[in-house]
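>>> with the input below, show me the fold.
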Amino acid sequence: MSGTPPPTGGFVRRIGLFQATAINMSQMCGIGPFVTIPLMVAAFGGPQAVLGFVAGAVLALADGLIWAELGASMPGSGGSYVYLRQAFQYRSGRLMPFLFVWTAMLFIPLIMSTGVVGFVQYLGYLAPGLGATGGDLVGLGVIALVVLLLWRGIEHIARITTVMWAVMIASVTLVIAASATHFSADRAFTYPSGAFALTSDHFWLGFAAGLTIGIYDYLGYNTTAYMGAEIKNPGRTLPRSIVFSILGIMAIYLLLQIGTLGVIDWQRMTDPGDIASTSVASAVLEKTWGEGAADVITVLILVTAFASVFTGLLGGSRVPYDAARDRVFFRPYARLHPRHRFPTLGLATMGAVTAVGFLIGRHTDLATLIQLLTTVMVLVQALAQIAAVTVLRRRQPGLRRPYRMWLHPLPSLVALVGWLVIYGYADKNAPGRHPIEWSLAWVALGCVAFVLWARFEKVWPFGPREVREEYLEDPAKDEVGA
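As a prediction, this is how the structure comes out:
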């Protein structure tokens with residue numbers, strides 16, 4: 001149905017495999033590894049920190065296969081919202097999709113805010129006299145520019161994303177190349193005593209913290225799933241874009257981590273007064289190719305950070321659209337721009353929350369902020385989607401599945417263990433911050449909001465339970481405009 005136009009008022013399918021993979025990779029890489037490599041080293045207490053990126057890759061790939069099956073089967077805008085709505089409507093009505101949108105409107109832009117914090121952090125290398133106020137103003141300006149660039153048609157955005165992807169590849173490649181020219185195997189592979197003591201609580205606390213940081217760095221492999229209604233031939237493109245982006249970023253991260261450890265002593269990365277603890281990539285370039293090269297690569301890293309925020313808000317702004325259209329969220333979020341066909345209020349709201357999160361994050365420990373964000377996401381999205389795959393296979397066996405998860409249910413089990421480890425160790429890795437308690441409180445508040453909303457809308461539990469198996473009823477829906 002390649003030439004069939006999309007439904008009136010709907011999105012337009014214009015994103016192909018290369019652009020979809022570029023969107024995922026740009027969101028995944030961003031500023032993440034450039035600011036979290038020192039955090040990873042501090043968590044493990046040595047060069048064995050590379051285990052964090054390996055563990056993060058395993059969890060990302062296992063979870064990515066869940067996204068691939070769900071996204072290929074139900075390629076609507078909103079990602080998890082669509083999957084949870086279809087899977088849990090039989091028993092709890094609209095509760096689960098409501099909770100997801102309630103939570104996503106917070107955690108997606110807050111994750112983007114950490115990217116802006118990293119942007120300002122690296123900018124400090126080029127402008128050491130920037131100051132707190134100047135950094136705040138620059139960060140807010142970056143967010144405003146992202147929203148302005150996203151305020152246009154998806155075909156223009158796809159071209160912008162491709163350029164940003166190229167800059168991201170260039171920045172990480174140059175850092176890796178610089179590391180290779182001055183690489184010391186002794187520095188990279190000499191571990192402190194007890195580094196791999198599997199019977200030590202210290203090792204497992206470090207592993208859990210490293211896994212949390214690692215999966216944070218891989219987050220974004222699901223960005224195109226939020227844009228399923230804008231992907232060409234989504235049954236094939238979505239799974240491939242997810243798997244290709246994870247494998248590509250895994251290779252980049254491992255080379256980047258090992259290369260960096262081969263140039264900079266790991267103790268420097270844990271010293272708050274050393275430039276290597278805040279701008280490790282710039283420190284690598286300064287030591288290998290000189291200050292001029294460090295300045296140039298830092299600029300490329302800033303563009304990479306900008307690209308991550310850009311693609312994150314691009315995908316995230318689509319989340320409330322489907323929910324509002326289905327009356328599972330505030331109805332104004334269902335409006336699209338009359339000409340460019342993008343959700344205006346969703347983009348504006350997430351841009352505003354990103355700005356608030358950035359200002360908070362500038363004065364909060366980054367590792368703790370990552371813990372807080374991850375625990376909320378684990379409850380409402382990660383664990384719920386693992387259940388959704390099994391529920392849908394049982395409830396909708398006739399659902400068209402262009403891609404079925406490899407080695408099912410092994411990826412689901414691996415993802416379940418990984419997410420439970422992250423959640424279970426959250427409080428121990430962030431003492432005094434209580435991320436588990438905050439996540440439970442946020443979900444509880446969402447349940448209260450759902451009850452009030454359901455009473456107003458007169459839906460379950462205050463009205464009949466509605467079951468809509470729309471993808472089962474219309475198997476050709478995902479190919480419209482493909």
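
>>> what sits against the residue lying closest to Ile275 once chain neighbours are set aside?
Counting by Cβ to Cβ, 6 or more residues apart in numbering, Ile275 lies nearest to Ala283, which is 5.1 Å off, once chain neighbours are set aside. C-beta: built from backbone N, CA, C; applies to glycine. Contacts for Ala283 (Cβ atoms under 8 Å, 6 or more residues apart in numbering) come out as 264, 268, 274-276, 294.

>>> format those residues as JSON lines; extra columns: secondary structure, pLDDT and neighbour count.
Output for the contacts of Ala283, formatted as JSON lines (DSSP: H, G, I helix; E, B strand; the rest coil; pLDDT from 0 to 100; neighbours: other Cβ atoms under 10 Å):
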{"residue": "Ile264", "secondary structure": "coil", "pLDDT": "93", "neighbour count": "29"}
{"residue": "Arg268", "secondary structure": "helix", "pLDDT": "92", "neighbour count": "16"}
{"residue": "Asp274", "secondary structure": "coil", "pLDDT": "85", "neighbour count": "17"}
{"residue": "Ile275", "secondary structure": "helix", "pLDDT": "83", "neighbour count": "17"}
{"residue": "Ala276", "secondary structure": "helix", "pLDDT": "83", "neighbour count": "25"}
{"residue": "Ala294", "secondary structure": "helix", "pLDDT": "91", "neighbour count": "23"}
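
>>> buried sites along stretch 298-311?
For stretch 298-311, the neighbour count (16 or more other Cβ atoms under 10 Å) marks 298, 300-311 as buried.

>>> out of the residues you listed, who's nearest Pro109?
Val309 (9.6 Å; Cβ to Cβ).

>>> any idea how far His337 is from that closest one?
From Val309 across to His337, the span is 20 Å (Cβ to Cβ, to the nearest Å).

>>> also Gly16?
Taking Cβ to Cβ, one finds Gly16 at 22 Å from His337.

>>> one more: Arg325?
15 Å.

>>> which one of the two has more residues nearby?
Neighbours were counted for Arg325 and for His337 using other Cβ atoms under 10 Å; Arg325 has more, 20 against 13.

>>> need the contact list for that one.
Ala334.

>>> same thing but at 10 Å, please
Going by Cβ atoms under 10 Å, 6 or more residues apart in numbering, Arg325 touches 9-10, 76-78, 331, 333-336, 343.

>>> likewise for Pro192?
Pro192 touches 44-48, 266-267, counting by Cβ under 10 Å, 6+ apart.

>>> how many residues are close by the closest residue to Arg94 other than its chain neighbours?
Spatial nearest neighbour of Arg94, excluding adjacent residues (Cβ to Cβ, 6+ apart): Val328 at 4.9 Å. Neighbour count for Val328, taken as other Cβ under 10 Å: 26.

>>> so where does Val328 fall, helix or strand?
In the assignment (DSSP states H and E), Val328 maps to no helix and no strand.

>>> swap in Leu254?
For Leu254, the element it lies in under DSSP H and E is helix 234-261.

>>> so for that helix, what gets flagged as buried?
Neighbour counts over helix 234-261 (16+ other Cβ under 10 Å) mark 234-235, 237-246, 248-250, 252-253, 255-261 as buried.

>>> can you check stretch 448-459 too?
Residues of stretch 448-459 classed as buried by neighbour count (16+ other Cβ under 10 Å): 450, 453-454, 459.

>>> strands of the chain, residue ranges please.
Remark: no strands are assigned in the chain by DSSP state E.

>>> just for it, where's the confidence low?
For the chain, the stretches with pLDDT under 70 are 1-11, 152-158, 340, 365-369, 429-432, 473-482.

>>> top helix in it by residue count?
Criterion DSSP state H: the longest helix present in the chain is helix 95-126.

>>> run the chain-centre distance for it.
9 Å (Cα atoms, centre = their mean, to the nearest Å).

>>> hmm, back to that, I'd say the residue nearest to Arg94 and Ala449 touch.
No - with contacts counted by Cβ atoms under 10 Å, Val328 stays clear of Ala449, the gap being 12.0 Å.

>>> need the overlap of contacts for these two.
Counting by Cβ under 10 Å, 6+ apart, the common neighbours of Val328 and Ala449 are 98, 102.

>>> just to revisit the earlier point, among the contacts of Arg325, which one has the most neighbours?
Neighbour tally across the contacts of Arg325 (other Cβ under 10 Å): the maximum, 33 neighbours, falls on Gly78.

>>> contacts only, for that residue.
Contacts of Gly78 (Cβ under 10 Å, 6+ apart): 84-85, 97, 100-101, 104, 225-229, 315, 318-326, 328-329, 343, 346.

>>> buried among these? Need that as a selection in ChimeraX.
In ChimeraX, selecting the buried portion of the contacts of Gly78, with burial taken from 16+ other Cβ under 10 Å, looks like this:
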select :84,85,97,100,101,104,225,226,227,228,229,315,318,319,320,321,322,323,324,325,326,328,329,343,346
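
>>> let's see which of the contacts of Gly78 end up in helices.
Among these, the members falling in helices (DSSP H) are 84-85, 97, 100-101, 104, 225-226, 315, 319-325, 346.

>>> what about stretch 174-188, start to end distance?
Length of stretch 174-188, first residue to last, Cα to Cα, to the nearest Å: 19 Å.

>>> any buried residues in that stretch, and which?
174-176, 178-179, 183, 188.

>>> measure the residue nearest to Ile275 to Arg331 for me?
Separation of Ala283 from Arg331 (Cβ to Cβ): 50 Å.

>>> next: Ile31.
Where Arg331 is concerned, Ile31 sits at a distance of 35 Å (Cβ to Cβ).

>>> for Trp67, same thing?
28 Å.

>>> and what of Met350?
From Met350 to Arg331 the distance is 18 Å (Cβ to Cβ).

>>> how deep is the closest residue to Thr349 other than its chain neighbours tucked in, by neighbour count?
Distances taken as Cβ to Cβ, 6+ apart place Met105 nearest to Thr349, at 6.8 Å, with adjacent residues excluded. Here the count is done by other Cβ under 10 Å, and Met105 has 21 residues near it.

>>> who's in contact with Met105?
316, 319-320, 323, 329-330, 333, 346, 349-350, 353.

>>> would you format these as a markdown table with distance to Thr364 included?
Output for the contacts of Met105, formatted as a markdown table (distance: Cβ to Cβ, whole Å):
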| residue | distance to Thr364 |
| --- | --- |
| Gly316 | 21 |
| Val319 | 24 |
| Pro320 | 26 |
| Ala323 | 29 |
| Phe329 | 28 |
| Phe330 | 29 |
| Tyr333 | 28 |
| Gly346 | 26 |
| Thr349 | 22 |
| Met350 | 19 |
| Val353 | 15 |
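
>>> what is the nearest of those residues to Gly129?
Nearest to Gly129 among those, with distances taken as Cβ to Cβ, is Val353, at 30.0 Å.

>>> correct me, but that closest one touches Val147?
No - using Cβ under 10 Å, Val353 is not in contact with Val147, being 11.5 Å away.
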